[in-house]
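sequence first, then the predicted structure, then my questions.
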Amino acid sequence: MKGIYSYPTVILRHARENLKKCSLRGLEGRGDFLFFTYPRDTLPDLSGYLLLRVDAPSLSPADCNRGLFLLDATWRLAEKMGKSLPPNLEVRSLPSHFRTAYPREQTDCPDPERGLASIEALFLSYYLMGRSTEGLLDNYYWRTLFLEKNCLV
């Protein structure tokens with residue numbers, strides 16, 4: 001098993017994701033992130049990785065030595081992407097009390113207040129896993145509102 005921070009965070013972004021609205025913009029150049037495009041790219045081996053999904057056990061500090069795998073797409077497209085993932089990929093969720101600050105326009109989100117933006121989910125995952133969150137929200141327009149809404153300031 002690899003130690004903490006030895007796994008880069010893997011992001012699978014749908015080819016139709018609007019990069020002008022993408023909350024993860026600015027992280028592409030960081031060495032601790034690997035970005036792949038669905039459906040074009042082949043994913044690396046995801047052994048030791050956890051996929052964030054709503055209907056799963058909560059993420060905790062016990063998961064700190066695991067890699068993190070995120071789908072970056074609308075809810076509808078993420079559901080489709082999930083069907084192509086390895087069946088043995090372990091899943092975790094974020095506690096349900098966290099709320100988004102992202103002004104959602106999508107109608108396919110099952111719970112708009114809980115439907116976190118990708119960067120919000122990433123930040124909370126790092127926070128709950130005991131990882132450094134430094135710089136993650138630097139380019140996120142709703143950073144202050146998100147942190148205040150979730151009592152993280």
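Sure, I can see it.

count of neighbours near the closest residue to residue 73 other than its chain neighbours?
Once flanking residues are discounted, residue 73 sits nearest to residue 14: 3.6 Å by C-beta to C-beta, 6 or more residues apart in numbering. (Each C-beta comes from the backbone N, C-alpha and C, glycine too.) Counted with other C-beta atoms under 10 Å, residues neighbouring residue 14 total 18.

how much space is there between residue 14 and residue 102?
According to C-beta to C-beta, to the nearest Å, residue 14 and residue 102 sit 17 Å apart.

how about residue 123?
Relative to residue 102, residue 123 is positioned 12 Å away (C-beta to C-beta).

overlap of the contact sets of these two?
Taking C-beta atoms under 8 Å, 6 or more residues apart in numbering as the contact rule, residue 123 and residue 102 both touch residue 146.

which of these two has more neighbours?
More crowded of residue 123 and residue 102, by other C-beta under 10 Å: residue 123, with 24 against 21.

quick one, what contacts the more buried one?
Applying C-beta under 8 Å, 6+ apart, we find residue 123 in contact with 133, 136, 137, 146.

and it, that one's in a helix?
Yes. With DSSP: H, G, I helix; E, B strand; the rest coil as the criterion, residue 123 is part of a helix.

give me the buried subset of the contacts of residue 123.
Among those, the ones that count as buried by 16 or more other C-beta atoms under 10 Å are 136, 137, 146.

what pLDDT is listed against the first one?
Translated: residue 136. The model reports residue 136 with a pLDDT of 95.

what helix or strand does it sit in?
If you go by DSSP states H and E, residue 136 is not part of any helix or strand.

touching, it and residue 117? I think so.
No. The criterion here is C-beta atoms under 8 Å, and residue 136 misses it with residue 117 at 11.8 Å.

tell me which other helices or strands the helix-or-strand element of the chain with minimal mean pLDDT touches.
Ranked by mean pLDDT, DSSP states H and E, the weakest helix or strand in the chain is helix 75-82, scoring a mean of 87. Where contact means 3 or more C-beta pairs under 8 Å, 6 or more residues apart in numbering; DSSP states H and E, helix 75-82 is packed against strand 9-14, strand 67-72.
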